[in-house]
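Engineer: with the input below, show me the fold.
(2 chains)
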Amino acid sequence: MARAVTNRRKAIVTVAAWLVGIAIFFPILWILILSFKSEGDAIKTPIEVLTSNWTLESYHTVQERSDYFRHFLNSVILSVGSTVIGLIIAVPAAWAMAFVPGKRTKDVLMWMLSTKMLPPVGVLVPIYLIFRDLGLLDSRVGLVIVLTLINLPIIIWMLYTYFREIPGEILEAARMDGASLKNEILYVLTPMAVPGIASTMLLNIILAWNEAFWTLNLTAAKAAPLTAFIASYSSPEGLFYAKLSAASTMAIAPILIMGWFSQKQLVRGLTFGAVK
Amino acid sequence: MPYSYRALLGACAVGALATSAMAETITVATVNNGDMIRMQGMMEDFTAQHPDIEVEWVTLEENVLRQRVTQDVATGGGQFDVMTIGNYEVPIWGERGWLLALDDLPEGYDADDLIPSIREALSVDGTLYALPFYGESAFVMYRKDLAEAAGVSIPEEPTWAQIKEAAAAMTDKDAGVYGICLRGKPGWGENMAFISAMANSYGARWFDMDWKPQFDSEEWQAAFKDYLEMMTNYGPPGASSNGFNENLSLFQQGKCGMWIDATVAAGFVTDPEESTVADKVGYAVFPNKEGVDNHGNWLWSWNLGIPQSSDSPDAAKAFVAWATSKEYTQLVAEKQGWRAAPPGTRTSLYKNSTYIEEAPFATLTKQTMDAATPEKPSVQDVPYVGAQFVSIPEFQGIGTAVGQQFSAALAGQVDADTALNNAQQLTQREMMKAGYIK
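Structural biologist: Modelled structure (predicted):
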């Protein structure tokens, strides 16, 4: 009897999980389907869409009209660059907060998080003016700085949480053995926190890749990443659903593939913590 | 041998320097629509004429573009050399000195050929501040087959009563056919463009001569209630989220008896590759209320302007003049046929018999554009210029907020009186804040 209940429960949970999964994934699946349709077919009813001819026409047009690889390269530089610089700043910061907390550490952490509570548009004009005066508009350097700064609080918070789970005694032992601060962080702390650092890194690459406010507002032609590439296919006057879908598929494909391969790492880092 | 290598390297270096010094790059910000994309495909011609100018494109969705270029021009950011802007922005920006005056156009440009209402809309004190790439007004597109089957005829200049009657007759909800499709999606350039034009045709106005909002007037009440009645009884479901694209899609699939919207839509609905009703579309002038001599006054154009902050004003001018020239129209016609020529900017296009023949909507487009009078959008006196919008900087915010009220009424969240009352209150508050009402 107990077994029957468990099985039924299992089945319900499985079905529910599949339903939620499909509901979340469905828009992406629909984008993928529309990207292989002609513009005329893409606006038809769902059943007609599914039964109509499949074509690569939209991909050809998108490839012809826009320089996908330049946008892709910019996306890679921006997301990887900002994440690496963010980690270089955040690892020592999180070490200090986790192992040598001061009286105000909690307040500092809270203050850092509070910078994420302001809507970005609130600081758009000042940042735009500063960028104009420094000649950083439409430059990758400028965008890497902005993306680093907006993701830094998240990186520090995540690392702080992982570091706190590492027993301080291990670091003390290293110190007893004469390790310098640099060696302690580089050779003792970092290897133990690799799953945490890896998942932080992956999450931040995804966040920076998808960032569409600053990357649209501070770029024109040279530094524009894939978010600008997608935005160029949206239109209030004229139907471009198939092309927009093809552009979206091309833009999300790299990050989707990366996420697919690293999902174990990502989930483990997010759920298990550093040394458990 | 080493010498020849060095010489070669030196020559390459000098060559590279010379090339980079000669080539001037201009950045063009533009919207994503058929005519603009077509222009990007015609660039070979421009490059052949101006080998020293390189063009970089920034194509964005309309609302994003508007925000980006406004931000850039207002702060003097200098990211763009040519901007695609509407006739709402041009006079405001021109007056503020944000745009370069275009009074020294190349010989043979023939600015006198520009359609007078458009030219007027892009000028401040007689000086042009942007050149039109394509223009539009609004009219009725209807299904001739459905009208015939329903036993109604739509005259060339219909009244709203006739439109309502035709919508009722053509509606067959069981077959998924709705008598009338109109914009409902909130936004100053979305539902408010249509509703403002409809209000104009009812004799309503946005403001009286003291800038007092007029939503409490009888004319607004009548226009808005008729709009709601038609859409509730004969419109498609979920119309409060329908904009131009959604209605275009419905019309192309044969689900609308009538669609009243921008004239540029005619090019899409008659495109046999995308539209299932391409050969069944009839056209009529934007309706008016019986006894009111006003057909909506819708006038819009996408224009190319040069911000003061541009580093390469001469190259930008050369580009703008090329893209809006008669020769460009000719080029498009040669390569893609006359139906693809950018409409609504030049009088000469409408004197071209091949164009009139190939584009069945051409004559009516020109007629409605000629009839638009942005300086007098309503039969009543108004203190503003503007057709389906009010040409003041505050309008983007006010128009969108009012649009949200009207869209909520269409969705059935509030009744018509509440929506009009809220619109009146919020507009009054904003106009007082902006200093128009003392």
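Engineer: packing partners of the host helix or strand of B:F224?
Structural biologist: Secondary-structure assignment from DSSP states H and E places B:F224 in helix B:218-234. Judged by 3 or more C-beta pairs under 8 Å, 6 or more residues apart in numbering or on different chains; DSSP states H and E, the packing partners of helix B:218-234 are helix B:160-170, strand B:178-181, helix B:191-201, helix B:395-410, helix B:416-433. For glycine as for every other residue, the C-beta is placed from the backbone atoms N, C-alpha and C.
Engineer: with adjacent residues omitted, what lies nearest to the spatially most central residue of chain A?
Structural biologist: In chain A, the centroid-proximal residue (C-alpha atoms, centre = their mean) is A:I206; its distance is 1.7 Å. Distances taken as C-beta to C-beta, 6 or more residues apart in numbering or on different chains place A:I255 nearest to A:I206, at 6.0 Å, with adjacent residues excluded.
Engineer: burial count for the closest residue to A:W214 other than its chain neighbours?
Structural biologist: Once flanking residues are discounted, A:W214 sits nearest to A:V146: 5.1 Å by C-beta to C-beta, 6+ apart. Applying other C-beta atoms under 10 Å in any protein chain shown, we find 23 residues neighbouring A:V146.
Engineer: between the helices and strands packed on helix B:218-234, which one is closest to chain A.
Structural biologist: helix B:191-201 (10.8 Å; C-beta to the nearest C-beta).
Engineer: in chain A, where's the longest helix?
Structural biologist: Secondary structure assigned by DSSP state H gives helix A:2-35 as the longest helix of chain A.
Engineer: elements contacting it?
Structural biologist: In this structure, helix A:2-35 packs against helix A:46-51, helix A:241-261, with contacts taken as 3+ C-beta pairs under 8 Å, 6+ apart.
Engineer: show me what counts as buried in it.
Structural biologist: The neighbour-count check on helix A:2-35 (16 or more other C-beta atoms under 10 Å in any protein chain shown) flags A:I31, A:L32, A:I33, A:L34, A:S35 as buried.
Engineer: residues touching the second one, list them.
Structural biologist: Right, A:L32. A:S245, A:T249 (C-beta atoms under 8 Å, 6 or more residues apart in numbering or on different chains).
Engineer: rerun at 6 Å
Structural biologist: A:L32 makes contact with A:T249 under the criterion C-beta atoms under 6 Å, 6 or more residues apart in numbering or on different chains.
Engineer: gap between it and B:D381?
Structural biologist: According to C-beta to C-beta, to the nearest Å, A:L32 stands 56 Å off from B:D381.
Engineer: can you pull up the bridge partners for the closest residue to B:A23 other than its chain neighbours?
Structural biologist: Closest residue to B:A23 apart from its sequence neighbours, by C-beta to C-beta, 6+ apart: B:E54 at 5.4 Å. Beta bridges link B:E54 to B:T25 when assigned by DSSP bridges.
Engineer: would you confirm that B:E54 contacts B:T27?
Structural biologist: No. Between B:E54 and B:T27 there is no contact under C-beta atoms under 6 Å: 9.8 Å.
Engineer: what are the contacting residues of the host helix or strand of A:T227?
Structural biologist: Using DSSP H and E, A:T227 sits within helix A:226-231. Residues outside helix A:226-231 that contact it (C-beta under 6 Å, 6+ apart): A:66, A:71, A:75, A:212, A:215-216, A:219, A:247-248, A:251, B:60-61, B:64.
Engineer: report pLDDT for residue 55.
Structural biologist: Defaulting to chain A. A:T55 is assigned a predicted lDDT (pLDDT) of 92.
Engineer: the chain in question should be chain B.
Structural biologist: pLDDT recorded at B:V55 is 94.
Engineer: burial count for it?
Structural biologist: 21.
Engineer: on the pLDDT front, check the residue nearest the centre of chain B for me.
Structural biologist: Geometric centre of chain B, nearest residue: B:W300, 3.9 Å, by C-alpha atoms, centre = their mean. Note on B:W300: pLDDT of 92.
Engineer: contacting residues around it?
Structural biologist: Counting by C-beta under 6 Å, 6+ apart, B:W300 makes contact with B:E136.
Engineer: now it: how far from B:G86?
Structural biologist: For B:W300, the distance to B:G86 - C-beta to C-beta - is 6 Å.
Engineer: where does the prediction get shaky in chain B?
Structural biologist: B:1-22 (pLDDT under 70).
Engineer: which residues of it lie near chain A?
Structural biologist: Applying C-beta under 6 Å from any C-beta of the partner chain, we find that chain B lies next to chain A at B:27, B:32-34, B:56, B:58-62, B:64, B:75, B:77, B:79, B:244-245, B:249, B:273-274.
Engineer: switch to 7 Å and redo it
Structural biologist: Residues of chain B found near chain A (C-beta under 7 Å from any C-beta of the partner chain) are B:27, B:31-34, B:37, B:40, B:56-62, B:64, B:68, B:71, B:75, B:77, B:79-80, B:243-245, B:248-249, B:252-253, B:264, B:268, B:273-274.
Engineer: of those, grab the buried ones for PyMOL.
Structural biologist: Buried residues within those, by 16+ other C-beta under 10 Å, are selected in PyMOL with:
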select buried, chain B and resi 27+31+32+33+34+37+56+57+58+59+60+61+62+64+68+71+75+77+79+80+243+244+245+248+249+252+253+264+268+274
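Engineer: among the residues of chain B next to chain A, name the ones in strands.
Structural biologist: B:T27, B:V31, B:E56, B:W57, B:V58, B:T59, B:L60 (DSSP state E).
Engineer: next up, phi/psi of the residue lying closest to B:W206 once chain neighbours are set aside, please.
Structural biologist: Closest residue to B:W206 apart from its sequence neighbours, by C-beta to C-beta, 6+ apart: B:V390 at 5.1 Å. Note on B:V390: its backbone torsions stand at phi -110, psi 120 [degrees, to the nearest 10].
Engineer: how much space between B:V390 and B:N294?
Structural biologist: Taken as C-beta to C-beta, the span from B:V390 to B:N294 is 16 Å.
Engineer: before we move on, what about B:P236?
Structural biologist: Here B:P236 is placed at a distance of 27 Å from B:N294 (C-beta to C-beta).
Engineer: and A:L143, by the same measure?
Structural biologist: According to C-beta to C-beta, A:L143 stands 50 Å off from B:N294.
Engineer: ok, those two, which is more surrounded?
Structural biologist: Shown here are A:L143 and B:N294; by other C-beta under 10 Å, A:L143 has more neighbours (27 against 22).
Engineer: I'd like the next helix or strand past the strand or helix carrying the more buried one.
Structural biologist: Following DSSP H and E, one finds A:L143 within helix A:140-164. Next helix or strand after helix A:140-164 toward the C-terminus (DSSP H and E): helix A:168-176.
Engineer: with just CA atoms, put that next one into CSV.
Structural biologist: Taking C-alpha atoms only, helix A:168-176 is exported to CSV below (Å, rounded to 0.1, in the frame of the first residue of the first chain):
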residue,chain,number,x,y,z
GLY,A,168,38.7,28.7,8.9
GLU,A,169,41.0,26.1,10.6
ILE,A,170,42.2,24.9,7.3
LEU,A,171,43.4,28.4,6.4
GLU,A,172,44.9,28.8,9.9
ALA,A,173,46.8,25.5,9.4
ALA,A,174,48.2,26.9,6.1
ARG,A,175,49.2,30.0,7.9
MET,A,176,50.9,27.9,10.6
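Engineer: what mean pLDDT does it have?
Structural biologist: Mean per-residue pLDDT for helix A:168-176: 88.
Engineer: show me the contact partners of it.
Structural biologist: Helix A:168-176 is contacted by residues A:F99, A:E184, A:V188, A:L189 when judged by C-beta atoms under 7 Å, 6 or more residues apart in numbering or on different chains.
Engineer: by neighbour count, which of these wins?
Structural biologist: With neighbours taken as other C-beta under 10 Å, the top of the contacts of helix A:168-176 is A:L189, carrying 24 neighbours.
Engineer: what's the distance between that one and chain B?
Structural biologist: Remark: distance between A:L189 and chain B (C-beta to the nearest C-beta, to the nearest Å) = 43 Å.
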